[in-house]
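[1] Next comes the sequence, and after it the predicted model I'd like to discuss.
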Amino acid sequence: MRTMLVEAEASTIWKALTRPELTKLYMNGWMPQSSWKLGSEVVWMDHVEGTVNRRGWGTLRACIPERRLRYTLYRPDSKLPDEAPSYTTVDIVLDEERSGRTKVTLWHGDFAGLPNDVRRARQAGREWVEALVGLKRVAE
């Protein structure tokens, strides 16, 4: 679990989490495509040299605007089969502590049982630290 204080309102952070033109600024060019309706697909894409690439996908499990975003995630670069046991879960909670300051808590899990589970969890943790620092920069 990762937690970070961001000097921005939850509404600003929510936009940075759900708007492709903002996520690409801190997620290595990745942009989410989704209707943000419960049960809808979330597809992470990027554009490299004019080619659109699907980098990950999953299903939206919780979506409470400006409060919580939870989705499953499959990454084809994992080399695992695109089956339910290969999916992990990302859970982001926003807690506005006072006007203009929000605590962002992120959990990415369900690695247990996957091949190289400890290595995968550590790698995801490193990636999320970078992403959260970028999210803070974009939101502030």
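    Cool, got the structure. As the structure is a computational prediction, the values presented were derived from the model and not from experiment. Numbers count the residues shown, from 1 in each chain.
[2] what's the lengthiest helix in the chain in contact with?
    What stands out as the longest helix in the chain, according to DSSP state H, is helix 117-139. With contact meaning CB atoms under 8 Å, 6 or more residues apart in numbering, helix 117-139 is reached by 2, 4, 6, 8, 12-13, 16-17, 22, 25-27, 78, 88, 104, 106, 108-109, 111, 114. C-beta: built from backbone N, CA, C; applies to glycine.
[3] And the nearest residue to residue 36 once chain neighbours are set aside, which helix or strand is it part of?
    Spatial nearest neighbour of residue 36, chain neighbours left out: residue 63 (5.4 Å); criterion: CB to CB, 6 or more residues apart in numbering. Using DSSP states H and E, residue 63 maps to strand 51-64.
[4] Going by neighbour count, list what's buried in that strand.
    Buried residues in strand 51-64, counting neighbours by 16 or more other CB atoms under 10 Å, are found at 55, 56, 57, 58, 59, 60, 61, 63.
[5] Perfect, I'm done here.
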